[in-house]
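1. Pasting the sequence and the predicted coordinates here, then a few questions.
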Amino acid sequence: MKIDQISVFLENKSGRLAKVTRVLGEAGINIRALSLADTTDFGILRLIVNDSQKAREVLKENGFTVGKTEVVAVEVEDKPGGLASILGVLSDHDINVEYMYAFVERSGENAIIICRFDETDKAIDVLQKNNIAILKGEKLYQF
Amino acid sequence: MIWDKEFETLPREALEALKLKRLQNVLKRVYSNVSFYKNAFDEKGFKPEGVKSMDDLKRLPFTTKQNLRDNYPYGLFAVPLESVVRIHASSGTTGKPTVVGYTKKDIETWAELMARALSAAGATKGDIVHNSYGYGLFTGGLGLHYGAERLGASVIPMSGGNSKKQIMIMEDFGSTILTCTPSYALSLAETAEEMGIDFKNLKLKAGLFGAEPWSEGIREEIERKLNLHAIDLYGLSEIIGPGVAVECMEAKRGLHVFEDHFIVEVINPKTCEPLPYGERGELVFTTLTKEAFPLIRYRTRDISVLNPEPCICGRTFVRMERVSGRSDDMLIIRGVNVFPSQIESILMNIEGIEPHYLLIVDRKGNMDTLEIQVEVNERVFSDEIKNLQILGKRIEKDIKDFLGVSTIVRLVEPKTIQRSEGKAQRVIDKRKI
């Protein structure tokens, strides 16, 4: 139920993001989803890739600080109010979203929201009990 | 224990008389044998025969590291090379090293001084001295070695490195005295822990640690982890090597300078004016008995304070406080004196921070700014911005609390701070004053 996300520490200087994507591209790694959080000095690039183990290795070899976090991919109907209903359920159970980012799957019917919760296991439990679809890793990596 | 009771407890008056006699002697020798000193003295109109009191010392010019470099390799030797039996060299920060020589008598003197230092740490001829200072051009290894032999102890010439073997030998040979740098002592503690060996089961009772600045906090950590008395040893190759000053185990408060062989002064590093006892400044040494490589008023750049109070151990020598930093790397940030070593010790107290950092000093308007670059490794990295911001704020707060200076912490990617093979470049000062 949990998805591997890798995160990369980046200084705010030109060329760093390009370097990450080049390293991954040369290693034949496909980026499924990404988000970049930034401050004035540094940023954190979060990535879902088709091979997170290999991605970590090649990034480390190239001198990047890389972390691994477990996140949850929630499927949301691509229509007004879709996200609100899910967040309502989570809020009712006192679950915090640390951050999230979204992309639309190829068929275009559903949006996929990558969520980082403060209590991941509890969040999964709540989502399942409320019949909200959670995407398995294998499916996401293959899109 | 006092190795040389006669000299180490000499009444001050007799000591001052001895120092003056030896000073007059060394000044005559350098004037006639070293052209650098002849020129320097002539330039100031200084005649060695004219020295009547210790006050005359203040009229003498200083000798600096640059003078040593300019006279590389043998230009400051006061005896012909055929009288030199040993040559050592210190690592040069830039380019050439500093070369020092010893006559047979100098080696004898050095061994005596190191026997004094070992005795001050409680060592006797019955001890097994485990010497992990590096052997080679560096004066640490051989300095300790000859002193331990002079004492009559059994020396294990380990040199540095190969920590597992060091621990095995300590255990099997029953080492009782450890000699190495304080940072290596801590590294040995880590290795022993990995090997499942508890220092409580080893026979070590004391250690002589020196060759790099260390804090009282590190002493406590070494004493706790290695279960021994950690004694501070001071020296520099230019003056003789280790054995210029040592703490006594009775007081562990300040290092007794072997004044019958070295005159110590403290000066204001900016104005070069001598400072009275109790005032902090740069240590300056004059060697009194060395034959091959005598130095007159050598500026060490090491910052300390002298304390003339009598010591409970009975030694009459003045004590220097542990070296708190170096005058050439002291920063003045908005009027506050800051040594990179102080910032380093604060950083080292924070879990997961690497010992690689860079200080960037700048001036925005009329305000000095101090930026501290710290590398983000996997131990401190987080996928959440707020956690990294908390880390930065924590470092800023710790530095503000301890040093009273506001800083800006900048987190940078790993291995982006330049690594150095010798002395690390820790500070970039961009101020144009």
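-> Thanks, I have the structure now.

2. quick one, phi psi at the residue of chain A found nearest chain B?
-> Residue of chain A nearest chain B, by CB to the nearest CB: residue A:7 (3.8 Å). In short, each C-beta sits where N, CA and C put it, glycine included. Taking degrees, to the nearest 10, you get phi -130, psi 150 for the backbone angles of residue A:7.

3. So what's the residue count around it?
-> 22 (other CB atoms under 10 Å in any protein chain shown).

4. same thing with residue A:113?
-> Other residues close to residue A:113 by other CB under 10 Å number 22.

5. mind listing what the residue nearest to the residue of chain A closest to chain B when sequence neighbours are not counted touches?
-> In space, and not counting its chain neighbours, residue A:7 is closest to residue B:383: 3.8 Å by CB to CB, 6 or more residues apart in numbering or on different chains. The contact partners of residue B:383, by CB atoms under 8 Å, 6 or more residues apart in numbering or on different chains, come to A:5, A:7, A:44, A:46, A:67, A:69, A:116.

6. related to what we said a few turns ago, I'd say the residue of chain A closest to chain B and residue A:69 touch.
-> Yes - if you go by CB atoms under 8 Å, residue A:7 and residue A:69 touch, sitting 6.2 Å apart.

7. Mutual contacts of those two, please.
-> A:46, B:383.

8. For the stretch 301-433 of chain B, just list every one of the strands.
-> With DSSP state E, counting those that start in this stretch as the criterion, the stretch 301-433 of chain B has strands at B:306-307, B:319-320, B:325-326, B:331-333, B:336-338, B:357-364, B:367-375, B:408-412, B:427-429.

9. In the helix or strand hosting residue A:71, which residues are buried?
-> Using DSSP states H and E, the element containing residue A:71 is strand A:66-77. Residues of strand A:66-77 classed as buried by neighbour count (16 or more other CB atoms under 10 Å in any protein chain shown): A:66-67, A:69, A:71-76.

10. Residue B:322: which of these is nearest?
-> Nearest to residue B:322, judged by CB to CB, of those is residue A:67 at 39.8 Å.

11. Quick one: residues contacting the closest one.
-> Contacts of residue A:67 (CB under 8 Å, 6+ apart): A:6-9, B:378, B:381-383.

12. ChimeraX command to pick out the buried ones of these?
-> Applied in ChimeraX, the following selects the buried portion of these according to 16+ other CB under 10 Å:
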select /A:6,7,8,9 /B:381,382,383
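
13. Max pairwise distance over the contacts of residue A:67: which two?
-> A:6 and B:382 (12.9 Å).

14. nearest to chain A, of the strands of the stretch 301-433 of chain B?
-> That would be strand B:408-412 among these, by CB to the nearest CB, at 5.3 Å.

15. who touches that closest one?
-> A:9, A:11, A:41-42, B:369-376, B:388, B:391-393, B:395-396.

16. Can you list the strands that it pairs with?
-> strand B:367-375 (parallel) (DSSP bridges).

17. got the angle between the partner strand and strand B:357-364?
-> 160 degrees (axes from the mean of the first three to the mean of the last three CA atoms, to 10 degrees).

18. Tell me which of the contacts of residue A:67 has the lowest pLDDT.
-> Lowest pLDDT within the contacts of residue A:67 is found at residue B:378 (89).

19. Find the nearest non-adjacent residue to that residue, please.
-> Residue B:378's closest residue in space is residue A:65 (CB to CB, 6+ apart), at 5.8 Å.

20. quick one on the thing from earlier: got the contacts of residue B:383 as JSON lines, with distance to residue B:115 columns?
-> What follows is the contacts of residue B:383, written out as JSON lines (distance: CB to CB, whole Å):
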{"residue": "A:5", "distance to residue B:115": "63"}
{"residue": "A:7", "distance to residue B:115": "58"}
{"residue": "A:44", "distance to residue B:115": "58"}
{"residue": "A:46", "distance to residue B:115": "63"}
{"residue": "A:67", "distance to residue B:115": "54"}
{"residue": "A:69", "distance to residue B:115": "60"}
{"residue": "A:116", "distance to residue B:115": "64"}
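
21. now the strands for chain A?
-> Using DSSP state E, the strands of chain A run over residues A:2-11, A:31-38, A:42-49, A:66-77, A:97-104, A:110-117.

22. Residue B:1 and residue B:36, how far apart?
-> 40 Å (CB to CB, to the nearest Å).

23. Residue A:95 too?
-> Counting by CB to CB, the gap from residue A:95 to residue B:36 is 77 Å.

24. So for the two, which sits in the more crowded spot?
-> residue A:95 (20 against 16).

25. For the more buried one, which non-adjacent residue is spatially closest?
-> residue A:123 (4.9 Å).

26. what do you get for residue B:411?
-> In space, residue B:411 is closest to residue B:376, 4.9 Å off (CB to CB, 6+ apart).

27. what's the answer for residue B:130, then?
-> For residue B:130, the spatially nearest residue (CB to CB, 6+ apart) is residue B:175, at 3.6 Å.

28. The one you found - that's part of a strand, no?
-> No - going by DSSP: H, G, I helix; E, B strand; the rest coil, the assignment for residue B:175 is coil, not a strand.

29. Distance check, it against chain A.
-> 40 Å (CB to the nearest CB, to the nearest Å).

30. what's around that residue, how many residues?
-> For residue B:175, using other CB under 10 Å, the count is 25.

31. residue contacts, it?
-> B:128-130, B:156, B:169, B:202-204.

32. Looking at the residues you listed, which is nearest chain A?
-> Checking these one by one against chain A (CB to the nearest CB), the nearest turns out to be residue B:169, at 36.3 Å.

33. Beyond the helix or strand where the closest one lies, next helix or strand please.
-> Using DSSP H and E, residue B:169 falls within helix B:163-173. Where DSSP H and E defines the elements, the next helix or strand beyond helix B:163-173 is strand B:177-180.

34. Could you please name the strands that following strand pairs with and the direction of each pair?
-> Here, using DSSP bridges, strand B:177-180 pairs with strand B:128-131 (parallel), strand B:206-210 (parallel).

35. So which of those has the densest surroundings on average?
-> Greatest average neighbour count among the strands paired with strand B:177-180 goes to strand B:206-210 (a mean of 26), per mean count of other CB atoms under 10 Å in any protein chain shown.

36. What score does the residue lying closest to residue A:33 once chain neighbours are set aside have for pLDDT?
-> Leaving aside its sequence neighbours, residue A:33 sits nearest to residue A:48 (CB to CB, 6+ apart; 4.4 Å). Note on residue A:48: pLDDT of 93.

37. and if you look at residue A:13?
-> The model's pLDDT for residue A:13 equals 87.

38. Next, it: phi, psi?
-> phi -140, psi 150.

39. Look up how far residue A:41 lies from it.
-> Applying CB to CB to residue A:13 and residue A:41 gives a distance of 10 Å.

40. Have a look at those two and say which one is more surrounded.
-> Shown here are residue A:13 and residue A:41; by other CB under 10 Å, residue A:41 has more neighbours (17 against 12).
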